[in-house]
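In: Have a look; sequence and predicted model below, questions after that.
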Amino acid sequence: MIYLDHAATTPCRPEAVEAMRPYFGDIFGNASSVHGFGQAARKALDAARDRMAALLGVRAEEIVFTSGGTEADNLVLLGVFFRQKGRKQHLIVAATEHHAVLHTAQWLQGHGAAVTVLPVDGEGRVDPDDLRRAIRAETFLVSLMAANNEIGTLAPIGEFGAICREAGVPFHTDAVQWAGALPLHLAELPVDFLVLTAHKFFGPKGVGMLVARRGRRFQSLLHGGGQERGHRPGTENVAGIVGLVRAFDLAVAEMPETRPRVERLRDRLIDTVLERVPNSFLNGPRRERLPNNAHFSFPGVESDMLVLNMDLEGIACSSGSACMAGAIEPSHVVQALGVPAERAASAVRISLGHRTTEAEVDAAAAALERVVRRLRGG
């Protein structure tokens, strides 16, 4: 099997596994305990937080560790809304956001919030002027993702953040796909809340984090102890946090070599598929996209059948977000592009990893050609 679904999840790299190993055994204490066992765990937790802060260009106290991206997104949208206590009740999101944001926005709408959903163009981009016009005096938050998890479109988060800062509105970005793939240093970005998760950059599942810049407050969604400065009570997942930071540290260090290599493979795949498969389309921009993302449509072929047949060919890929696996309706992301229904219903995402080879990319392109021809009855 060739695994080309890294946007859904990645294998935990051996270095991260080794870094976590002591915290499942010898250093097993609760980081909130005052005895030696607990303080050994606390030392590791504090060191991980400090290292992550240095890598991102933030203060250690601005980091809140969570169970993943979905919890962190909910923590921002719900936490900022609840803290407003009805003073400001307008939220802005984009039509192509991850469901962790869109479904939370829908929940808020049912509890008194007004939600503006910004449209995107044919390549998945939000017009900054649309954002500027949408902001109101009662806007409590703008939430626009950094990189789309399905079609790979990159957003000008610096420009979005500057617009929000000028208007005095907090800006949140889901950077789950961006983190570990592209440079990310918040000292240089006007971002108030940022979310990432370890399993997208070869770390463990079940651990993520939120950056909440100084002065940006939100209400905790959980009640219990005082962990994470009261923002996210509950015993810290020390092993997972150590693995997250180790994986991210390595991703940043290797990026100058990994990024251009993966981009070349991505472009090789896109060029080959568009050349060899008749009536095929690339979704999202040609260049301003995630280094590892290729998202195609093949009208006349159903997405689920295509993914199943690719699996039979030994290639693991997906029809969109793993969170919506088994959904009957076409992806909301592709539909938001304004493409014909047949194109939206025939989409497939291929996402590469840092160890993907040229031979694997060529095998995937050849398999796509065979599968599409077969499913079209050719």
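Out: Looks like it came in fine.
In: buried stuff in the worst-scoring helix or strand of the chain on mean pLDDT?
Out: Lowest by mean pLDDT, DSSP states H and E among the helices and strands of the chain is helix 341-344, with a mean of 93. Neighbour counts over helix 341-344 (16 or more other Cβ atoms under 10 Å) mark Arg343, Ala344 as buried. (C-beta placed from N, C-alpha, C; glycine too.)
In: repeat for stretch 6-16
Out: Neighbour-count burial for stretch 6-16 flags His6, Ala7, Ala8, Thr10, Cys12, Arg13, Ala16 (criterion: 16+ other Cβ under 10 Å).
In: what about that stretch, average pLDDT?
Out: On average, the pLDDT along stretch 6-16 is 98.
In: what does stretch 206-220 give?
Out: Mean pLDDT, computed over stretch 206-220, is 95.
In: please begin residue numbering at 7 from this point
Out: Right, with 7 as the first residue, what we last looked at is stretch 212-226.
In: And it, end to end?
Out: Its start and end residues considered, stretch 212-226 measures 19 Å (Cα to Cα, to the nearest Å).
In: roughly how far is it from the heart of the chain?
Out: Remark: stretch 212-226 is offset 16 Å from the chain centroid, using Cα atoms, centre = their mean, to the nearest Å.
In: Check which residues of it are buried.
Out: Neighbour-count burial for stretch 212-226, counted by 16+ other Cβ under 10 Å, picks out Val213, Gly214, Met215, Leu216, Val217, Ala218, Arg219, Arg222, Phe224, Ser226.
In: Can you add secondary structure and give those residues back as TSV?
Out: Formatted as TSV, the buried residues of stretch 212-226 follow (DSSP: H, G, I helix; E, B strand; the rest coil):
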residue	secondary structure
Val213	coil
Gly214	strand
Met215	strand
Leu216	strand
Val217	strand
Ala218	strand
Arg219	coil
Arg222	coil
Phe224	coil
Ser226	coil
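In: Identify the farthest-apart pair in these.
Out: The span of these, defined through Cβ to Cβ, is set by Val213 and Arg222 at 22.1 Å.
In: Contacts for the least confident helix or strand of the chain next, please.
Out: With contact meaning Cβ atoms under 8 Å, 6 or more residues apart in numbering, helix 347-350 is reached by Phe287, Ser303, Pro305, Gly306, Pro336, Ser337, Val340, Gln341, Leu343.
In: Now, of the residues you listed, which are buried?
Out: Neighbour counting by 16+ other Cβ under 10 Å classes Phe287, Ser303, Pro305, Pro336, Ser337, Val340, Gln341, Leu343 among the contacts of helix 347-350 as buried.
In: Just to be sure, which of those residues are found in strands?
Out: Phe287, Ser303 (DSSP state E).
In: Going by distance to Arg48, which of the buried ones among the contacts of helix 347-350 wins?
Out: Lowest distance from Arg48 to those (Cβ to Cβ) belongs to Ser337, with 43.3 Å.
In: What about Thr102? Give its phi and psi, please.
Out: phi -100, psi 10 (degrees, to the nearest 10).
In: Correct me if wrong: it contacts Asn154.
Out: Yes - between Thr102 and Asn154 there is a contact at 5.6 Å, judged by Cβ atoms under 8 Å.
In: Now do the shared contacts for the two.
Out: Residues within reach of Thr102 and of Asn154 at once, by Cβ under 8 Å, 6+ apart, are Gly130, Val339.
In: if I pick Ile247, what's in contact with it?
Out: Residues near Ile247 by Cβ under 8 Å, 6+ apart: Leu51, Ala54, Arg55, Phe71, Val213.
In: what are the phi and psi values for it?
Out: phi -70, psi -40.
In: Kindly report the same for Ile98.
Out: Dihedral angles (degrees, to the nearest 10) for Ile98: phi -120, psi 130.
In: Could you tell me which residues make contact with Val70?
Out: Ala78, Leu81, Met215, Leu216, Val217, Ala218, Glu234, Arg235, His237, Arg238.
In: Neighbours of the second one, how many?
Out: Going back to what we said before, that points to Leu81. With neighbours defined by other Cβ atoms under 10 Å, the count for Leu81 comes to 24.
In: Let me see the contact set for it.
Out: Val70, Thr72, Leu216, Phe224, Ser226, Leu227, His237, Arg238.
In: Would you mind writing the CA trace of the helix or strand encompassing it as CSV?
Out: In this assignment (DSSP states H and E), Leu81 forms part of helix 75-90. The C-alpha trace of helix 75-90 is given here as CSV (Å, rounded to 0.1, in the frame of the first residue of the first chain):
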residue,chain,number,x,y,z
GLY,A,75,-7.6,21.1,16.7
THR,A,76,-11.4,20.6,17.1
GLU,A,77,-11.3,21.3,20.8
ALA,A,78,-9.0,24.3,20.3
ASP,A,79,-11.3,25.8,17.6
ASN,A,80,-14.3,25.3,19.8
LEU,A,81,-12.5,26.8,22.8
VAL,A,82,-11.9,30.0,20.8
LEU,A,83,-15.3,30.5,19.1
LEU,A,84,-17.4,29.5,22.1
GLY,A,85,-15.0,30.9,24.7
VAL,A,86,-14.8,34.4,23.2
PHE,A,87,-18.6,34.4,22.6
PHE,A,88,-19.4,33.5,26.2
ARG,A,89,-17.0,36.0,27.6
GLN,A,90,-18.8,38.8,25.7
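In: list the buried ones in that helix?
Out: For helix 75-90, a neighbour-count test (16+ other Cβ under 10 Å) marks 75-87, 90 as buried.
In: from the middle of its chain, how far away would it be?
Out: So, by Cα atoms, centre = their mean, the centroid of helix 75-90 is 16 Å from its chain's centroid.
In: Kindly report the same for stretch 73-89.
Out: 15 Å.
In: and Val377, helix, strand or coil?
Out: Reduced to three states by three-state DSSP, Val377 is helix.
In: what sits against the residue nearest to it when sequence neighbours are not counted?
Out: Closest residue in space to Val377, ignoring its immediate chain neighbours: Asn315 at 4.5 Å, by Cβ to Cβ, 6 or more residues apart in numbering. Neighbouring residues of Asn315 by Cβ under 8 Å, 6+ apart: Val377, Arg380, Leu381.
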